[in-house]
Structures are given as structure tokens and as C-alpha cells.
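1. whatever this is, show me its structure:
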Amino acid sequence: MEMNKPTILIVDDEERTRKILKMNLQDRYRILLARNGEEAVHYLQHETVHLVLSDLRMPGMDGLELLTYVREHFPHIPVIMITAFGSIETAVKAMKMGAHDYIVKPIKLDELEVLLEKSLNYGQLLQENLSLKSRLKQYEGMPEIVSVNPKIREILERIKQVAPTDATILIEGESGTGKALFARAVHYFSPRADKPFLEINCGAIPHDLLESELFGHEKGAFTGAVATKKGKFELASGGTLFLDEIGEMPLDLQVKLLHILENQTFTRIGGTQLITTDTRIVAATNRNLRQEVQNGRFREDLYYRLRVVYFHIPPLLERKEDIPLLIQHFIEKHQPVVKKTITGVDDAALSVLTNYPWPGNVRELENAILQAMIFTQSDVITVQALPEEIRQYNANRSEAFPLTKQAFQELKNQEVENILNKLEYEFLTHLLQKTHGNISEAARQSGYDRRQLQNLIKKHRINVENFK
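-> Numbers count the residues shown, from 1 in each chain. Purely as a prediction, here's the structure:
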């Protein structure tokens, strides 16, 4: 098909040359003909061109001027110069200016066709390289969230949907699950990506310092305040502020945070001037904030202000299919640090790593891989190189595994019961979320009678009030 052929723009002021070249090349290529440099520029601006074949000497805009234009505006398009025998020096000059090659008149068609194919292949490689660079730039700064887990992929898709808005986001998940990476992904996919992304751990800073870190202070506001200091809300204006471990924030600072979320204004400590901020808030916690509200440790109004959009990051124990990917990712990441070549992990070590429950989640896995890379005696990670607690867990589990029919049956029954309990719990929580904690409506929708449902809720110690 014509549209699938590479397009060659032939530029020559001699009509006979143009026609001969077109007649001999049009079976393999889509041919555009231009009488001079000006016509060639018009084609370049309005057509997809894969290669320019241009005479050096032309009236008006000559070959060198056209070459300069192509190099500046279409650097991925290779240019072949046509030159007379006496103008080879000019052709060499054209090569130095960026021409891909040149051919001498009278043109030998077989030689030209070889040159065209070579130049078109070069142009394709150049285009792919430019495309790759563009894609790499596009993903520069993108958080490395390595996962094939459906829940994680769904969270990423939802992040892409919510990122262009200014909606406040709450991320819950166990320590070490990578909540900060997801917060960075929100910032990365948002229109604020070229503005600051600042983060602060609300549980790692003493109360007085936390207030100053968030809101700033005026000179002389307290002992040691020798100069005016801008807080994170001021510094992050236009960008995103990530409040990690928000559940640790003292109640009096929660009031100030609520005010900012409602009004986008605040004052520095010791100041009177009202400062306006345009800061997107992403908060994270390893606590159950709904339960914290129930226990009076977190303000309910702030909770709902933060939880405009909510994400729960599953622990590594629930996404074990990611472990091999994460292992390889961490090996590649830490290769420069350990200064030796590690190609992967052997089967025995992979089995141990997969069976370990990972209470510290992805962070613990990364630390374990780094340690194993340091201590392994070969180019792969072996069981012997793994941290002792991981090896010991696997050994204890092996020793405890049943070896009689009766003990094995008991283990099977226990595992089945665990699975059923987990399914029941998930069923109830999803049902109560959908019905907003209305037990009668939950019974009607599920087909259970009210008493059965209440017994199940009591069995799993679920607080219905948390869903209302």
C-alpha cells in the first residue's frame, strides 16, 4: 500500500532528473518532487517525510541551506546530497554540517538504492532513539512502583484519574508498603509535577518543631527563633505536601490543618499576616484513622476532609506475586552500591523469600536483598546470604510441618478455617461499606436474615459504626 511505503522527498531544479528518479524509485517508495528548497520546505511542513534526496546547487535556497533547515527543524530525517564530480569538496562540507551521505552525478541507480536503504534504516534508528529519549524524559522522576498485583495496578489507574484534580487524598497501609511512592505518583501525574513535592513525617518531629515546620515562624516568635522561617505549606505552594503518619499529629495542630484545608490560609507562629497557599495535600498513615476517630484521638471533621479520595495499599503478604519482580528491581538498584555483579537469586533462596511473611513489607524486603547482595559468595543470592531471621523462619516452619496423616489433616482443617474466616470478613466489610452500616439493608441485599448477619458480625468483632 502507498501509505506504508517510506516517503522520499527529491529536490532538484532539473525536471528530467526528477522524473527519472521518480520513475525508477516509485515502486518501492512514495515519492515527492520539489523544484527548489522553498518547495521542499513546504512539503516538510505538511507531509510525513522519511528521507530527503537533494541537489547541492539550486537557484534560490540551495542544498546547503535546505540541509541547515532540515537539521534544525527535522533532525530525525536523513539527508543525502546529490553533487557533480567537481563539487565533492562541497559535499564533504555538507557531511560535516549533518548530511548523512552524498552521491555523485551521473547517478547509478543500484548504488542509490543501497544508499537509500542504509539511510532510511539510520533514520528509523534515529527516530526510535528520539522517541525513547522522549519517553524516558516523560517518566523521569516517576516513582518506581514495581507490581503485577491487580489491586496495585487498579490503585495506579485511579491515581492517574484523580491526580489532575486538587482532591485531598488519604493513603492507609502498613509500615513499609511504599505509601510515599504512591503519594509521589499523585504529584507526578498532576499538573503540579513541575512544582515542589515536600514531605514531612508527623510522628518523627516533636510537637513544637512540627508546628514550626508546617506553618513557619516569625523572628522572635520563641526562644531560638533568630530569623523568620517559611513552613512547608508556604514552600510547597503550587505543589504537593505529603503528610506522612498523619495519625500522629497532635489534636491542636489538627485544628490548624483543618483550617488550612477549608480556607487555604494560615499565619506563621508569632505572626499576624494571613498567608494564602495553593497546596495539594496527600496524607498517609499506618493506623486505622476511622478507629482513631472512634477513640477520640483524631478529629472526625479533619478525617473526612482528608478522605476525599482513599487508597489502601495491601501488605506484601497479599501480593506475593510481586516478590520476584521486587527482588530483581532491588538487585539492579543496589548493584552500584555493593560494587559487584549479582545476576539474580537462586531457586532455594527465592522459595525462602516467597514463604516469609514480611511484617516489614517492601522496605524489609529491600533491606534483606541489599544485605544478601553484600554477603553472597557468588553472582547469585543464596539462602546462606539471607538475613538470619528469614532463614530461621523457614527452618522452623519446615521442622513444624506435619509428617503424619492425622497431623496433616488437622493442618488442612486449620488452613480451610483460616481461609473461610478471611472470606467471611471481606464479605461483611464490603457489604457494610455498600450499605453504610445499615444491617437491615445489608440483610436484604445479601439474602441473610438479620440475626444470621448479626452473629457473623459479632463473630468477626466488626464495629458497624465505622461504616456509617
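
2. show me where the stretch 101-250 of the chain has helices.
-> Counting by DSSP state H, counting those that start in this stretch, the stretch 101-250 of the chain has helices at residues 109-138, 150-162, 179-188, 207-215, 232-235.

3. and if you look at the stretch 351-468 of the chain?
-> With DSSP H, counting those that start in this stretch, the ranges of helices along the stretch 351-468 of the chain come out as 361-375, 388-400, 405-434, 439-446, 450-459.

4. return the most buried member of these.
-> Across the helices of the stretch 351-468 of the chain, averaging neighbours per residue (mean count of other CB atoms under 10 Å) puts helix 361-375 on top, at a mean of 19. Just so you know, the C-beta spots here come from the backbone N, C-alpha and C atoms, and that holds for glycine as well.

5. now do that one: distance to the chain's middle.
-> 22 Å (CA atoms, centre = their mean, to the nearest Å).

6. do stretch 223-241 as well
-> In terms of CA atoms, centre = their mean, the centre of stretch 223-241 is found 28 Å from the chain centre.

7. in that stretch, what counts as buried?
-> For stretch 223-241, burial by neighbour count (16 or more other CB atoms under 10 Å) applies to 225, 229, 231, 232, 233, 234, 235, 236, 237, 239, 240, 241.

8. dump the residue contacts of the third one.
-> In other words, residue 231. Under the criterion of CB atoms under 8 Å, 6 or more residues apart in numbering, the contact list for residue 231 reads 212, 213, 214, 215, 216, 217, 268.

9. chain neighbours aside, what residue packs nearest to it?
-> residue 216 (3.3 Å; CB to CB, 6 or more residues apart in numbering).

10. is it true that that neighbour touches residue 229?
-> Yes. Between residue 216 and residue 229 a contact is recorded at 5.2 Å, counting by CB atoms under 8 Å.

11. so what sits against both of these two?
-> By the contact definition CB under 8 Å, 6+ apart, residue 216 and residue 229 are jointly contacted by residue 268.

12. count of neighbours near residue 244?
-> By the criterion of other CB atoms under 10 Å, residue 244 has 21 neighbours.

13. contacting residues for it?
-> The contact partners of residue 244, taken as CB under 8 Å, 6+ apart, are 179, 180, 183, 199, 200, 201, 202, 203, 283, 284.

14. leaving out the residues flanking it, which one is nearest to the first one?
-> Meaning residue 179. Among residues not flanking residue 179 along the chain, residue 284 sits closest, at 4.1 Å (CB to CB, 6+ apart).

15. so the one you found sits in a strand?
-> Yes. Counting by DSSP: H, G, I helix; E, B strand; the rest coil, residue 284 is part of a strand.

16. beta partners of it?
-> Residue 284 has the following beta-bridge partners by DSSP bridges: residue 171.

17. in this structure it contacts residue 174, no?
-> No. Contact status for residue 284 versus residue 174: not in contact, 11.2 Å apart, counting by CB under 8 Å.

18. comparing these two, which residue is more hemmed in?
-> A count of neighbours by other CB under 10 Å puts residue 284 above the other of residue 284 and residue 174, at 26 against 19.

19. show me the contacts for the more buried one.
-> When contacts are counted by CB under 8 Å, 6+ apart, residue 284 is found next to 170, 171, 172, 173, 179, 180, 183, 242, 243, 244, 245, 246.

20. in contact with the third one, which residues?
-> Right, the one you point to is residue 172. Residue 172 makes contact with 179, 284, 285, 286, 287, 288, 289, 310, 311, 312, 313, according to CB under 8 Å, 6+ apart.

21. of these, keep whichever come out buried.
-> With neighbours counted by 16+ other CB under 10 Å, the contacts of residue 172 contain buried members at 179, 284, 285, 286, 289, 311, 313.

22. distance of residue 413 from residue 421?
-> Using CB to CB, to the nearest Å, one gets 13 Å for the distance from residue 413 to residue 421.

23. hang on, the earlier thing: can I get the helices of the stretch 101-250 of the chain in CSV with distance to residue 62?
-> Putting the helices of the stretch 101-250 of the chain into CSV (distance: least, CB to CB, whole Å) gives the following:
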stretch, distance to residue 62
helix 109-138, 20
helix 150-162, 50
helix 179-188, 47
helix 207-215, 65
helix 232-235, 55
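
24. make CSV out of those and add mean pLDDT and distance to residue 352.
-> What follows is the helices of the stretch 101-250 of the chain, written out as CSV (pLDDT from 0 to 100; distance: least, CB to CB, whole Å):
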stretch, mean pLDDT, distance to residue 352
helix 109-138, 72, 35
helix 150-162, 93, 23
helix 179-188, 94, 26
helix 207-215, 89, 41
helix 232-235, 93, 42
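
25. tell me which of those helices sits most buried.
-> helix 179-188 (a mean of 22).

26. so how far is it off the chain centroid?
-> The gap between the average C-alpha position of helix 179-188 and the chain average comes to 8 Å, counting by CA atoms, centre = their mean.

27. angle of that helix against helix 361-375?
-> On the basis of axes from the mean of the first three to the mean of the last three CA atoms, to 10 degrees, helix 179-188 is oriented at 110 degrees to helix 361-375.

28. name the helices or strands packed onto helix 179-188?
-> Under the contact definition 3 or more CB pairs under 8 Å, 6 or more residues apart in numbering; DSSP states H and E, helix 179-188 sits against helix 150-162, strand 169-173, strand 197-201, strand 240-244, strand 280-285, strand 309-313.

29. kindly calculate the angle that it makes with strand 280-285.
-> Going by the same axes, to 10 degrees, helix 179-188 makes 170 degrees with strand 280-285.

30. can you tell me what sits against helix 179-188?
-> By CB under 8 Å, 6+ apart, the surrounding residues in contact with helix 179-188 are 141-145, 155-156, 159, 162-163, 169, 171-173, 193, 197, 199, 239-240, 242, 244, 280, 282, 284, 286, 311, 313.
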